[in-house]
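# What follows is a predicted protein model with its sequence.
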Amino acid sequence: MGFDITILGTGSAIPTKDRFLSGQVVNHDEHLFLIDCGEGTQMQLRRYKKSLNRISHVFISHLHADHYLGLPGLLSSMDLLGRVTPLTIFAPKGLDEFIHFNFKISSATPRFPITFVHTQTQGKMLLLENEKLQVFSFPLKHRVPCTGFIFAEKQGKPKFDKRMLGRYFITPEEIIAIKEGADYTAPDGTFFPNSEVTIAPAKPCSYAYCSDTLYLPHLASELQHIDVLYHEATFAHDLSERAKATFHTTATEAAQLASEARVGQLVLGHFSSRYTDPEVLAEEARQIFKNTAKGYEGMVISLRP
């Protein structure tokens, strides 16, 4: 059980000897989700002991090679490992054509079902929902259609306080009703409001992933109070004109967004290969938003144990 993110790659378009291309694994209560899939992603999955065939959904932010070109190899490996469970891929329109063409020319179509769902850039969109989690996409601004993703836990239900069983005989039916919000009246007539016979659920956690994008101040309203924000910081602020020309964000701008959104923590990534040690970018960001961390390969962001 738990909620954590493992960073597989923090490099931008050109990988370095120390940095892989974009990729992350979100683990929510042992359900694995993959965000972006640059070249080398499956090697990183193995390095950090993430089972390829436990990944149920893939989220691709945009169709630049450093964010999706590892996918054909990953799908092939899943097939060779005997995968039979379905896989859903959320991505901009066009990735499905690329993948199917790859299958065609290689005569190697995987034997497990693959469903493609096209992401949109018109507004916030609910992509996935289960009992405990919702995943949304939201528009970013890059040279091609691009979205970020929010993984937001739902508010859990109160838990029955088992200490009550030491005082009264409470039937299973009564316990179910209490979990659903009912009050409890004991056999001796003592009344207990629901809050006194339950344990409040933990605060739901949230994670946002901002891939390649211009600095978008209006996102602060969309990302209010996110627990952890992963945001690209391709350049330092002395290259702000270069950032604008290439539709990227500086470390200073990422920190400004984090501050305006009042997030819990900012993690930087997608570093230009010109920076041997991206700590200089994190230091720049900390001048505006103190709780900033430099992302790195193998970093685990733990939101909930």
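Perfect, thanks for sending it. Residues are numbered from 1 along each chain as shown.
# neighbouring contacts of stretch 232-247?
Applying C-beta atoms under 8 Å, 6 or more residues apart in numbering, the external contacts of stretch 232-247 come out as 12, 141-143, 210-215, 248-254, 268-272, 275, 278, 280-281, 284-285. Quick note: C-beta positions are derived from backbone N, CA and C, even for glycine.
# and if we set it to 6 Å?
For stretch 232-247, the external contacting residues (C-beta atoms under 6 Å, 6 or more residues apart in numbering) are 12, 142-143, 212, 214, 248-252, 254, 268, 270, 272, 281, 284.
# List buried residues within these.
Buried subset of the contacts of stretch 232-247 (neighbour count, 16 or more other C-beta atoms under 10 Å): 12, 142, 212, 214, 248-252, 254, 268, 270, 272, 281, 284.
# Which two of these have the greatest separation?
Greatest spatial distance among those (C-beta to C-beta): H142 and E284, at 21.8 Å.
# which other residues reach the helix-or-strand element of the chain with minimal mean pLDDT?
Every helix and strand of the chain was ranked by mean pLDDT, DSSP states H and E. The lowest is strand 159-160, at a mean of 85. Under the criterion C-beta under 6 Å, 6+ apart, residues 175, 178-179, 199 lie in contact with strand 159-160.
# now do stretch 185-205
3, 153, 155-156, 158-159, 161, 164, 168, 178, 181, 183-184, 227, 303-304.
# Next: stretch 12-21.
For stretch 12-21, the surrounding residues in contact (C-beta under 6 Å, 6+ apart) are 9-11, 38-40, 44, 66, 234, 270, 272-273, 297.
# Just say helix, strand or coil for the residue of the chain most remote from its centre.
Distance from the centre of the chain peaks at D188, with 50.2 Å (C-alpha atoms, centre = their mean). The three-state label given to D188 by DSSP: H, G, I helix; E, B strand; the rest coil is coil.
# Would you report the backbone torsion angles of it?
The phi and psi values for D188, taken as degrees, to the nearest 10, are phi -90, psi 10.
# Use 38 as the first number from now on
All right, first residue 38 from here; so that's D225.
# Quickly run through the sheet partners of the helix or strand hosting F127, with directions.
Using DSSP states H and E, F127 sits within strand 124-128. Take DSSP bridges as the rule and strand 124-128 pairs in its sheet with strand 92-96 (parallel), strand 151-155 (parallel).
# Of those strands, flag the one that's most buried.
Highest mean neighbour count among the strands paired with strand 124-128 (mean count of other C-beta atoms under 10 Å): strand 92-96, with a mean of 21.
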